[in-house]
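Peer 1: Please find the sequence and the predicted model below.
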Amino acid sequence: MSNIIIQMRGITKIFPGVKALDSVNLNIYKGKIMALLGENGAGKSTLMKILTGVYEKTSGEIQLEGKAVSFSNTRESQGIGIAIIHQELNLIPHLSIGENIFLGREPVNRLRKIDWQKLYKDAGTIMKRLGIAESPETQVSELSIGKQQMVEIAKALSLDAQVIIMDEPTGALTEKETESLFRVIRELKEEGRSIVYISHRLKEIFEICDDVTVLRDGQFIGEYPVGDLDEDKVIELMVGRKLSEQFPRISCRPGKAALEVRNLNSPLVKEISFEVKQGEIVGIAGLMGSGRTELARTLYGIYGKSSGEILIDGKPVDIKSPGQAIWNGLVYVSEDRKANGVVLGLSIKENVSLSVLQRLSGLLGKIDMRKEAAMAEDAIRSMSIRTSGPMQQVKNLSGGNQQKVSLSKSLAAKPKVLILDEPTRGVDVGAKKEIYDIMNQFKKEGMSIIMISSEMPEILGMSDRILVMHEGRIAGIIDYQDADQEKLMRLAIGKKEVAL
Amino acid sequence: MMMTIKGKLIRNKSLFVLILFSLVIAVLNPRFLTVNNILNVLRQTSINSIIAAGMTFVILTGGIDLSVGSILAVTGAVAASMIAGGANLFASVMTALAIGAVIGAFNGIVISKGKIQPFIATLATMTLLRGYAMVFTDGKPVSTGSHEVAGVFSSIGAGYFLGVPIPIYVMAAVFALAYYILRHTRTGRYVYSLGCNEEATVYSGINADRVKIFVYTVSGFLSALAGIIITARLSSAQPQAGSGYELDAIAAVVLGGTSLSGGVGSIFGTIIGALIIGVLNNALNLMDVSSYYQLLLKGLVILVAVLLDRKQKSSK
C-alpha cells in the first residue's frame, strides 16, 4: 500500500476500568477518504482524540509518512497538518463567525494588533466556498445549529490541514448544507488532502468514501475498499450480530395511558400532544436541537411551560420542579450523566438513595442507614453494577456502570413514567444490552417508558411507537412496524411524508 | 472502601499535625501542657470554632460567608443593649440568636433566589452590617451594665461549670449537633450533594434553594451565638468586634481538609483546624512572640498546611 500519509498501528487506550481501544489500526491514504465506522462506544472518537493529541495512547505507534510521531496536544497535531471537526460544537457563541474561525490564530499586524480586515476577508472566502451566505461578522449565536456546524468545518479548512477528521459532520445539517459539504470534500480530495469521515449514515459512506475501517467494542475489525461492501455487510461488521439479537424487543399488551400530554407549549416546544401507555416504550427521535431533551425537561419541571396539560394516570398534575415530578411518579434520567445524572463525588449508596431520602428518613430527618445500605446492595445486584461495593465513589466507575447508577437512582423513586434521555450514550456494547434488558423488565412490570435517542437502530429496535421531533414540534408518530430509518430521517429533517 | 481509608488519612493528617505541633510546643514550653492552659486554649478557640462550624456547612455547599464577623458585632450589640436596658436574659439571648438566623436566611435568599455569587452577596452584607453596628452603637462600646442580669449574662462567656469554662460546653454541643446533621440526616446529605454537583442535585428532585438558605441560616445563627459569648465575656459589645473573624473561620475549615469548591470535608476536620490555629496563637503568646510575628507565622502555617494537603490530593 503506497501513499499512506498516516498510519496508526496497534493503538491501545486504557481508561481507569475500561479498555477503550485494543490494538487498533488505521491507515489514512493521501487524497482518499477513509470512513471510520462503528457503533457508539466502539472507540472511534477515542481513536481520533489520540490522533489529534487530546488523549495519550497507552501503547501503539503513529507514523507520518513512515516516520514515528507523537503529540501531546492539539496544537502539535495541527502543526503537522491534522485538523478535526468535532461532533459537539466548540464555538464561542458571542464571537463572530470570523473570530471563531481564527480563534487563537488571528492575523496581526506588526504592532500585534488584530488585522480585522484580513480576518474577515479570509473568513468570507472560506464561508463562500462552503456556500454560506451570512456575513463573517455575524455572531455565531444567531446561527442555526446546521450553520454553526458549517462554521466548525470552515475552521478546519482555514487550518489548511493535510488530514481532516470529520466526526459526524452532517448530524445537524440540512440536505442542501450536506450537498455543499460533499462538494467541498470532493474538492479537498482532488487537492490531494486526506479525510477521515465518521458517520452513522451509511448512505453517505457509500456516496463519498473510498475505504472503510470498522471498529467494534474497541477492537479493530478490518479495513475494506468501499466497493467490496454493501449496507448489510457493513452493519454486520459493526454490530457483530444480527439486529434482532442486539435489541431484545419484547411485546407487552399496553395498558391504560399513564402519561398524557395535551397541547403543551413553551418557549422551547410547540403544540406537543401524545400519550404513553403502561408497558409501552415510546421512542423520541429527531436531530440535535430538535427539542427532544427540552420536551423531556419541560415534563420533568426543569423548564417552565406556557400552556397545556399533563395527566398522569388520568389525573392532571402541576409539575414545577423535579421534586414535584418525582412525587407525581415521573422521573427523568439525564443524557448528560456527569453534569446532572449522577453526583460523581458521592458514593453509589448516596446516589441511589438521593431522590428518596425522604422515604428513608424518620424523625428529625435521620437517615436509616441500614435501609439505605440495603437499597444500594439491591441496586448493585439487580443492575449488576460492577463495583467494589456500595461505598465506592461513582466517579471511579466506568461509563456504563455510572449510567446504571443514574438509572438506579431514578428507579428508586418507583416511577410510573420513566424518561430516558440517550440511555446508552458513551456506554459499551455489553452494558448497552444490559440496559435494554432492564428497560424490558420494567416495561413488563407495566412502567411507561419514554426513550430519547439519536441512535436510529436503538430507536427502531426498542420502541413500540416512535415520535419524531423537528424544530420543537412533533413531526410525526409512527408504529414500529411501519417505521424505517429513512422515514424517521425524513420526518426529522422536516420533510412532509411523501408517497414514494 | 478505598475512599473511606483515604478520608481517614486526610482527617488523621490534620490531627497528626495538631499532635505534633502540641508536642513540639510542650517541649519548648512546659507551661503549655497544664490543665489550665489547655482549658485556656479551648476557651479561646471556642469563638472561632463555633463560627467555623457554621462556615463548614456553607463551604461544603461550595459557598462562602464573609458576613460572620459583622453578624457577630450586630447581634452582640443587640444583646448588650437589651441586657443594659433591663430586658430579661432569655429574651435578650433569643432575640440576638433570632436576628443572626434571620440575617443568615437573608444571605441565603439573596444567593439562591437572587442568584448572586456568595462572595459578593456576603461581602455586601458584611459591609452593610458593619455599618449598622457602628450606627447602632454610635461607634462606642455598649456595656451590659452591672445589675444582676448582666452578671448572669456575663457567666455565659466568663463562667465555669465543674471547673470548665462554659464556652467549651457550648462549643462541644455545637460540634455534636453539626456532626449529627451532616452525617446522619437528609439535610446533611443534601449539603454534600449540593457541593459536589448542584445541577445533579436539582435533577434528583431536591430543592437546592432551601438547602442554601439553610446553610447560611446556620452560619448566621452560630455567628450570633459567638457574638453572645464574646459580649458576655467582655460584659460589653464592641462595634469592631469580629473584624477579620471570617478569615480565621475559613482558615480553620480549610486546614481541616474541607475543599473550598464544596462537597468534600468534615466537621471533625474543622475542630482540628480551629485547634491548630488556637494552639499556634497560644504557643506564640506563651513564648512572648510579638503580635506582628504572630500574624506572619499564622499565615505561613496556613499556606504550608494547605499546600501539603493539595499536594497529597493531587498525587492520588
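Peer 2: It's in. Numbering: from 1, shown residues only, chains lettered A, B, ... in the order given.
Peer 1: per-residue confidence at the residue nearest to residue A:329 when sequence neighbours are not counted?
Peer 2: Leaving aside its chain neighbours, residue A:329 sits nearest to residue A:416 (3.8 Å; criterion: Cβ to Cβ, 6 or more residues apart in numbering or on different chains). Glycine gets a C-beta too; all of them are placed from N, C-alpha and C. Note on residue A:416: pLDDT of 95.
Peer 1: State the number of residues packed around residue A:416.
Peer 2: 17 (other Cβ atoms under 10 Å in any protein chain shown).
Peer 1: Residue B:79 is in contact with residue B:236, correct?
Peer 2: No - counting by Cβ atoms under 8 Å, residue B:236 does not reach residue B:79; the two are 10.7 Å apart.
Peer 1: now the residue nearest to residue A:329: how far from chain B?
Peer 2: Using Cβ to the nearest Cβ, to the nearest Å, residue A:416 is found at 15 Å from chain B.
Peer 1: circling back: give me the more crowded residue out of residue B:236 and residue B:79.
Peer 2: Using other Cβ under 10 Å as the criterion, residue B:236 and residue B:79 rank with residue B:79 on top: 29 against 22.
Peer 1: before we move on, what SS does that one have?
Peer 2: At residue B:79 the chain is in helix, as set by DSSP: H, G, I helix; E, B strand; the rest coil.
Peer 1: what stretches of the stretch 201-316 of chain B score poorly on pLDDT?
Peer 2: Residue ranges of the stretch 201-316 of chain B with pLDDT under 70: B:309-316.
Peer 1: For residue A:153, which residues are in contact?
Peer 2: Residues near residue A:153 by Cβ atoms under 8 Å, 6 or more residues apart in numbering or on different chains: A:85, A:130, A:166, A:169, A:181, A:184.
Peer 1: 7 Å instead, please
Peer 2: Taking Cβ atoms under 7 Å, 6 or more residues apart in numbering or on different chains, we find residue A:153 in contact with A:85, A:130, A:169, A:181.
Peer 1: top of these by neighbour count?
Peer 2: Most neighbours among these, by other Cβ under 10 Å: residue A:169, with 27 neighbours.
Peer 1: Tell me what the nearest residue to that one once chain neighbours are set aside is bridged to.
Peer 2: Spatial nearest neighbour of residue A:169, excluding adjacent residues (Cβ to Cβ, 6+ apart): residue A:85 at 5.6 Å. Beta-bridge partners for residue A:85, by DSSP bridges, are residue A:166.
Peer 1: Thought residue A:168 was touching residue A:85, still the case?
Peer 2: No - with contact defined as Cβ atoms under 7 Å, residue A:85 does not reach residue A:168; the gap is 9.0 Å.
Peer 1: Closest approach to chain B from the stretch 151-300 of chain A, which residue is it?
Peer 2: Proximity of the stretch 151-300 of chain A to chain B (Cβ to the nearest Cβ) peaks at residue A:300, 7.9 Å away.
Peer 1: burial count for the nearest residue to that residue once chain neighbours are set aside?
Peer 2: Leaving aside its chain neighbours, residue A:300 sits nearest to residue A:332 (4.0 Å; criterion: Cβ to Cβ, 6+ apart). Other residues lying near residue A:332 total 28 when counted by other Cβ under 10 Å.
Peer 1: who's in contact with residue B:275?
Peer 2: B:18, B:45.
Peer 1: Assumed it was part of a helix.
Peer 2: Yes - looking at residue B:275 with three-state DSSP, it is inside a helix.
Peer 1: What residues of stretch A:175-182 count as buried?
Peer 2: Under the neighbour-count criterion of 16 or more other Cβ atoms under 10 Å in any protein chain shown, stretch A:175-182 has A:177-178, A:180-181 buried.
Peer 1: Pull the contacting residues for the residue of the stretch 151-300 of chain A closest to chain B.
Peer 2: Shown in contact with residue A:300 (Cβ under 7 Å, 6+ apart): A:322, A:325, A:330, A:332, A:419.
Peer 1: Pretty sure the second one sits against residue A:318.
Peer 2: No - under the contact definition of Cβ under 7 Å, residue A:325 does not touch residue A:318, with a separation of 10.4 Å.
Peer 1: which of these two has more neighbours?
Peer 2: Comparing residue A:325 with residue A:318 by neighbour count (other Cβ under 10 Å), the higher total belongs to residue A:325, at 27 against 10.
Peer 1: Quick check: the gap between the more buried one and chain B.
Peer 2: Here residue A:325 is placed at a distance of 7 Å from chain B (Cβ to the nearest Cβ).
Peer 1: cool, and residue A:93?
Peer 2: 20 Å.
Peer 1: got the CA positions of the helix or strand in which residue B:268 is found in CSV?
Peer 2: Assigned by DSSP states H and E, residue B:268 falls within helix B:267-286. Extracted C-alpha coordinates of helix B:267-286, given in CSV (Å, rounded to 0.1, in the frame of the first residue of the first chain):
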residue,chain,number,x,y,z
ILE,B,267,-16.9,18.9,60.8
PHE,B,268,-14.3,16.9,62.6
GLY,B,269,-11.6,18.4,60.4
THR,B,270,-12.9,21.8,61.3
ILE,B,271,-12.4,21.3,65.0
ILE,B,272,-8.8,20.2,64.4
GLY,B,273,-8.3,23.1,62.0
ALA,B,274,-9.6,25.6,64.7
LEU,B,275,-7.4,23.9,67.3
ILE,B,276,-4.3,24.2,65.2
ILE,B,277,-4.9,27.9,64.9
GLY,B,278,-5.7,28.1,68.6
VAL,B,279,-2.6,26.2,69.7
LEU,B,280,-0.4,28.3,67.4
ASN,B,281,-1.8,31.5,68.9
ASN,B,282,-1.4,30.2,72.4
ALA,B,283,2.2,29.0,71.9
LEU,B,284,3.3,32.3,70.3
ASN,B,285,1.8,34.1,73.3
LEU,B,286,3.5,31.8,75.8
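Peer 1: Would you mark the buried spots in that helix?
Peer 2: Buried residues in helix B:267-286 (16+ other Cβ under 10 Å): B:267-284, B:286.
Peer 1: same thing with stretch A:355-370?
Peer 2: Within stretch A:355-370, the residues that count as buried by 16+ other Cβ under 10 Å are A:355-357, A:360-361, A:365, A:367-368.
Peer 1: now do stretch B:121-130
Peer 2: Under 16+ other Cβ under 10 Å, the buried positions of stretch B:121-130 are B:121-123, B:125-126, B:129-130.
Peer 1: Farthest-apart pair in those, please.
Peer 2: By the measure Cβ to Cβ, B:121 and B:130 form the most distant pair in these, at 15.1 Å.
Peer 1: Spatially central residue for chain B, please.
Peer 2: Against the mean C-alpha coordinate of chain B, by Cα atoms, centre = their mean, the closest residue is residue B:51 at 1.6 Å.
Peer 1: what's the helix or strand for that one?
Peer 2: helix B:35-60.
Peer 1: Flag every residue of chain A that's near chain B.
Peer 2: Residues of chain A lying close to chain B (Cβ under 7 Å from any Cβ of the partner chain) are A:321-323, A:326, A:334, A:339-346, A:350, A:354-355, A:357-358, A:361, A:364-367, A:388-389, A:391-393, A:409.
Peer 1: Take the residues you listed and keep only those in helices.
Peer 2: A:322-323, A:326, A:350, A:357-358, A:409 (DSSP state H).
Peer 1: and the least confident of the residues you listed?
Peer 2: Among those, residue A:358 has the lowest pLDDT, at 89.
Peer 1: In contact with the closest residue to that one other than its chain neighbours, which residues?
Peer 2: Of all residues not flanking residue A:358 in the chain, residue B:186 sits nearest, at 6.9 Å (Cβ to Cβ, 6+ apart). Residue B:186 is in contact with A:357-358, A:361, A:365, A:367, counting by Cβ under 7 Å, 6+ apart.
Peer 1: Wasn't residue A:276 part of a strand?
Peer 2: Yes - under three-state DSSP, residue A:276 sits within a strand.
Peer 1: Contact partners for it?
Peer 2: A:257-259, A:282, A:417, A:448, A:450.
Peer 1: can you rerun that using 6 Å?
Peer 2: A:259, A:282, A:448, A:450 (Cβ atoms under 6 Å, 6 or more residues apart in numbering or on different chains).
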